[in-house]
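1. Here is my input; please provide its structure:
(2 chains)
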Amino acid sequence: MRLFSRLLISLLALGLVTSGVWAGGAAEPDDVDRLDDWKRQAEVGPYQPEEEDWDAILEAAREEPPATIYSNTSRAFDPIDDFNEMYGLEVEVLNMSNSEIIERLQREFDAGIYNADVILGGATPVYYAQLMHERDAIVHYAPRELEARLEERDLTPTLIHRWSVGTWYYSTGDENDDSVPYENVWELTTEDWRNRVVWRSPLDSSTVADIMVAFVTNAELMEELYEDYFGEPIELQTENAGYEWILRMLENDARVVPSHTDVAEAITAAQERGERMVGMGTQSVYRNVLEGQYDFHLDTEVAPTVTSSRPISMGAFSESPNQAKLVIRYLTSQEGGDPWWGADFPVDPEVESTGPLAELTLDDFNILLDTALEAALGTTDEVIDFWQLHE
Amino acid sequence: MNTMIVKLGRKTRTFLSNPGAVIAWLCILVFGYLILVPVGEMIISSFQVQTGETLRVGADAAGEATLYYWERMFASGRASMQLLYGPLVNTLVVSGSFTVIAMALGISLAWLMVKTDMAYKRIIGFCAILPYIMPSWTLALAWTTVFGSTEIGVGHPGFFQSVAGVPPPAWLAYGPIPMICVLAVNYFAYSYILTSAALGTVDASLEEAAILHGVQGGTLLRKVTLPILLPAIGSAFILTFADGIGTFGVPRILGIPVGYRVLATSLYRAANIGRFGDVFVLTIVLIVLSGAVILLNSRLLGRRRQFTTVGGKGVSKRTVSLGAKRKPIGAIVALIFGSFAAFPVFFLVVQSLQARLGDFSLSNLTLMYWIGEGREGFRGVLVEPRILSAAWNTLRLGLIVGFGTAFVGMLIGYAVTKTRGRPISKFVELISFIPFVIPGIAFGSIYLTMFAQPRGPIPALYGTFAILVVACMVNRLPFAGRMGISSMMQVGASLEESAEMHGASFGRRLRRILLPLTKRGYIGGFILTFVSTVKDLNLVILLVTPRTMLLAPLTIGYLDLGLRQFADAIGVIIVVMVITCTLIAQWITKTNPLQGFG
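-> Residues are numbered from 1 along each chain as shown, chains lettered A, B, ... in the order given. Got it, this is the predicted structure:
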């Protein structure tokens, strides 16, 4: 027995010593210069020419190894197939969840592996914090001709591929009634709605994280809404009314499901059973309702909604920057972005929304909150901590 | 001077002529580098500010020394309760309960299969292995297909609710009870495989001798059979418990919807949101937990003598006759264990054919997720090139890792038995067991960092197939190592010694004596490793890239998207693949399927 413990201790000691040797031996490369060199070669950032020669870019792209896209949407498969056929390239799409993209890019970048050439994801403040502030893992790139048509907020900190809105879905349980079944977002914290709300964890969903962060950073609005509904000022057990609302939702047994499809299915199933239910998610899923796949309504009136951006960027140190440029140009075009234009809001004013949701615009949302990224940086971490403490 | 060289030379020769010691030292060197260094790095990292967390920790730069992560986990009141203590208690409750149930099931079955003349053994033996080769998360999915409730989570009614008209009670749908049931069914095969192998090698003459001396019934079991079986039972306990505490698929599917968290889900969560400081601390807690169980086990078993059960003479088999009851008993056992496998597979298949989840009517059946258009841009699994290439990668990986690891396991077994009694023996055993207590997800992330750049003689492996092979082999070493040790332990030293006396080289002894006698152990090791590699998720999920994609990680992608049917279909493909390969392996080696699992 004593021998065994002694062995265990010496094993650990050995491990510590040997790993110390390795850790000490690692050299720190001069990252800033290296990144600058790469930008110069790739002609991005300060080295992006005022006029881009797309024939030359295509020619250069043909000499590069096949690019890889990290995408949090499977809708990228089809346009990239078309893209490959059109240009004779072999760009590959890797479909991952948003958190996996962030996690993978962090690990890879720290390890000096630059596998992703284009990143198409959901921008949470964590996304920017980890990939742009703590590291230079992603780099802004927008084709010049597109840049000229965009507003500042569509370009910071990276090019936005499209806007989406974090909103609410509901079922009324009655085919003939489509009115919003709650009059205030605080009503959802009452006994009437116990176990009748479906959402995702802010750890998994950038949309949900955006909504929660917006509620926390717009705590005065949440206080006002509370007073409107309950007729008395809020008594806080937490830091502010935004956190208070999240806490009370959790205490009211809100259901946590893993994916946005699950939220949509849950509300649809409730509608079919003749029950009321409310869910949180992006407005784009409403397209599937119009196409007959799901059955629920979209709340644009009562509950506060939040804009949520979907950026597209280039991976730092990409070996295929020219392919990446072509991909970014294609996916933001009318043709290449087609799978999204029927659901989300394109940044490019020249691109038209198509499909069943084309009628809906950002102006249709009654209360539309916007979260300033800088302010949200720390808040997202706090919201995630808060969630972990109370889920 | 000269005499010193001669002495040194003689010493070296003596050392080299003892292959056991040479292999033991090789094992220590290689495993030390592949196991201890990463663990050491992780321990150090847990005391350093992680990249990207300077803001949270309030430090100036990453890499600064900090106690933040340890304080957060152990001494931060509610945070510690939520992140560590609560999940720790849940982990112990679930793992403890399911391990006991799994062992009771496995050992009873092993006894019936080996020591009685029960009927239908071939079928039962086959059925018993099925739940084990199914990925545990598919069993969990099948559970939700049956006990899904409109009152919880997504709210698809399960089969139960569709038939009974009322939702099942909440405790039956999600939470600890379903987790314990699913894991017990998934893991009882460990106990069954290991104890039936040990029972199979027990020379009945030992028991007969005892009976001749008037020992009977309970005393016989306690004094003769049980002591011989104890090492196998101990191994089964460790394998089951330690693997159980590191499983995240089942608690994710059955625990998270009702907020029931275990350490593995906490850890997975932390990794998912990039909080590697938390990950490292949780990993160390898991390692300590498993280490404690192993110490306990070695304390209980260590004082007992190891028994040589394979002598140079024939083993006489003696079975208990069940008489007229042998067929009914066989039928009942076959039914029970058959249903463990058949029900989950059945419900997986059914769900993969449902156009809409939770609708059990015949009109809802479709092949769209198999050969059709699919959904959300994904084609049916049998016509989607991404899935086909992932299937090929998975098969390749399983075969390479299976053969390789089983062989290394035998070497470990040889090294440990031949140096028995010396500290080095325990050292090799311990070091080869360490990967078992490192949860796959943490192992994967450590390997990702470690082998991203060239290290010593090893080139940068990230994104290659090789890193998957190395990581899987090292991670499965404990299985194969235990297998190798228990097989080698039962081969009497006298056999090899006499061959050596007659001038047989090590290679020849290996080929002619050790491998043939331990063939069953080798095949068992292969099957265990192959199966766990093919269904593995935790370890490889961080190491795969588009070019080295595997089936199981692909499934999680579908699950994350809420596309259950695809996940179910891939689960079925994995099951079919594993069964086919197992059968082929047995056919090639011409072993009886029943014994082959030993």
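2. so which residue of chain B comes closest to chain A?
-> B:G562 (2.8 Å; Cβ to the nearest Cβ). Yep, even glycine has a C-beta here, placed from its N, CA and C like the rest.
3. Compute the number of surrounding residues for the closest residue to that residue other than its chain neighbours.
-> Excluding its sequence neighbours, the residue lying closest to B:G562 (Cβ to Cβ, 6 or more residues apart in numbering or on different chains) is A:T261, at 2.8 Å. Counted with other Cβ atoms under 10 Å in any protein chain shown, the neighbours of A:T261 add up to 23.
4. Show me the shaky parts of the stretch 1-150 of chain B.
-> When residues are selected by pLDDT under 70, those of the stretch 1-150 of chain B lie in B:1-2, B:11, B:13-17.
5. Show me which residues of it sit near chain A.
-> Counting by Cβ under 8 Å from any Cβ of the partner chain, the residues of the stretch 1-150 of chain B close to chain A are B:32-33, B:36-41, B:43-44, B:51-52, B:54-56, B:62, B:78-79, B:82-83, B:150.
6. Sort out for me which of these are in helices.
-> Within the residues of the stretch 1-150 of chain B next to chain A, residues falling in helices by DSSP state H are B:37-41, B:43-44, B:54-56, B:78-79.
7. ok, the residue nearest to B:L172 when sequence neighbours are not counted - contacts?
-> Leaving out its chain neighbours, the residue that sits closest to B:L172 by Cβ to Cβ, 6+ apart is B:F147, at 5.6 Å. B:F147 makes contact with B:158, B:160, B:168, B:172-173, B:178 under the criterion Cβ atoms under 8 Å, 6 or more residues apart in numbering or on different chains.
8. Tabulate these (CSV), appending pLDDT and secondary structure.
-> CSV is the format used below for the contacts of B:F147 (pLDDT from 0 to 100; DSSP: H, G, I helix; E, B strand; the rest coil):
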residue, pLDDT, secondary structure
B:G158, 88, coil
B:F160, 92, helix
B:P168, 93, coil
B:L172, 94, helix
B:A173, 93, helix
B:P178, 96, helix
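9. Turn those into JSON lines, columns for distance to B:G274.
-> Formatted as JSON lines, these follow (distance: Cβ to Cβ, whole Å):
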{"residue": "B:G158", "distance to B:G274": "35"}
{"residue": "B:F160", "distance to B:G274": "39"}
{"residue": "B:P168", "distance to B:G274": "37"}
{"residue": "B:L172", "distance to B:G274": "36"}
{"residue": "B:A173", "distance to B:G274": "32"}
{"residue": "B:P178", "distance to B:G274": "30"}
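10. ok so, going back, quick one: the residue nearest to B:L172 and B:A140, what's the gap?
-> Applying Cβ to Cβ, to the nearest Å, the value for B:F147 to B:A140 is 11 Å.
11. Spit out the residues that contact these two alike.
-> Common contact partners of B:F147 and B:A140 (Cβ under 8 Å, 6+ apart): B:P178.
12. hmm, back to that, can you tell me the helix or strand for the residue nearest to B:G562?
-> helix A:260-273 (DSSP states H and E).
13. How about that helix, which residues are buried there?
-> Going by neighbour count (16 or more other Cβ atoms under 10 Å in any protein chain shown), the buried part of helix A:260-273 is A:260-271.
14. With stretch B:528-543 instead?
-> B:528-543.
15. Likewise for stretch B:392-400?
-> Judged by neighbour count (16+ other Cβ under 10 Å), stretch B:392-400 contains these buried residues: B:393-395, B:397-400.
16. buried ones in stretch A:184-193?
-> By 16+ other Cβ under 10 Å, the buried positions in stretch A:184-193 come out as A:185-189, A:193.
17. Look at the closest residue to B:I541 other than its chain neighbours and give its secondary structure.
-> Nearest residue to B:I541, sequence neighbours excluded (Cβ to Cβ, 6+ apart): B:P553, at 4.7 Å. Assigned state for B:P553: helix (three-state reduction, DSSP: H, G, I helix; E, B strand; the rest coil).
18. on that earlier part again, touching, the residue nearest to B:G562 and B:L559? I think so.
-> No. Under the criterion of Cβ atoms under 8 Å, A:T261 is not in contact with B:L559, lying 10.2 Å apart.
19. Low-confidence bits of the stretch 51-200 of chain A, can you list those?
-> For the stretch 51-200 of chain A (pLDDT under 70), the answer is A:123-125.
20. check which helix or strand covers residue 104.
-> Here I'm looking at chain A. Secondary structure assigned from DSSP H and E places A:R104 in helix A:98-110.
21. Actually, chain B is the one I wanted.
-> Following DSSP H and E, the helix or strand that holds B:A104 is helix B:86-115.
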